[in-house]
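Q: Okay, predicted coordinates and the sequence, questions at the end:
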Amino acid sequence: MRPLASDGTFYEQVYAKVRAIPFGRVTTYGAVSEALAGHAGAARTVGWALGALPRSQLDEVPWWRVINARGRISISSWPGAAEAQRARLEAEGVAFGPDDRTDLDRFGWWFAE
DNA sequence: GCGTTGACTATTG
DNA sequence: TCAATAGCCAACG
């Protein structure tokens, strides 16, 4: 994997990575960041990139499969996004615990697994 | 080219 | 487990 944006902007690569997440699996912002930039420091940039995701791409990029390191949804981008994300994940078979947390040991997916 | 901005993460109390 | 802090990086204005 190339170190950084060489085939487009960083967040376009984020979109490509997110598209690679298989059905029924989730990953973390830090994992995407590490897969792209080689370190987890750009995790915020990943979130920022997904926040800049155009509506036309919302159905093509499975942004809902990207959550934080705790297996939790902490979206504040647009209202109702967290509920929509949870609904989509549950539709894919991803179970949420009583604390709205997913089991990363079961549903977590890493690019270098 | 610089300062601000975040859908983050790790650490500390 | 939660809250506050600090470090982090790329895009935007």
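A: Yep, it's here.
Q: just checking, residue A:41 touches residue A:33?
A: Yes - the pair residue A:41 / residue A:33 is scored as a contact, 6.8 Å apart, by C-beta atoms under 8 Å. C-betas here are computed from N, CA, C, even on glycine.
Q: quick one, which of those two is more surrounded?
A: residue A:33 (23 against 11; other C-beta atoms under 10 Å).
Q: got a list of what residue A:43 touches?
A: By C-beta atoms under 8 Å, 6 or more residues apart in numbering, residue A:43 lies in contact with A:28-30, A:32-33.
Q: who wins for most neighbours among those?
A: residue A:32 (27 neighbours).
Q: these two touch, right, that residue and residue A:66?
A: Yes - when contacts are counted by C-beta under 8 Å, residue A:32 is listed as touching residue A:66 (6.4 Å).
Q: so what sits against both of those two?
A: A:18, A:46.
Q: how about residue A:93, secondary structure?
A: coil (DSSP: H, G, I helix; E, B strand; the rest coil).
Q: For the closest residue to it other than its chain neighbours, grab phi and psi.
A: Nearest residue to residue A:93, sequence neighbours excluded (C-beta to C-beta, 6 or more residues apart in numbering): residue A:24, at 4.8 Å. Here is the backbone geometry of residue A:24 (degrees, to the nearest 10): phi 80, psi 10.
Q: Can you tell me how far the residue nearest the centre of chain A is from residue A:21?
A: Per C-alpha atoms, centre = their mean, the C-alpha nearest to the average position across chain A is that of residue A:66, at 1.9 Å. According to C-beta to C-beta, to the nearest Å, residue A:66 stands 7 Å off from residue A:21.
Q: same deal with residue A:50?
A: Using C-beta to C-beta, one gets 12 Å for the distance from residue A:50 to residue A:21.
Q: shared neighbours, the two?
A: Common contacts of residue A:50 and residue A:21 (C-beta under 8 Å, 6+ apart): residue A:66.
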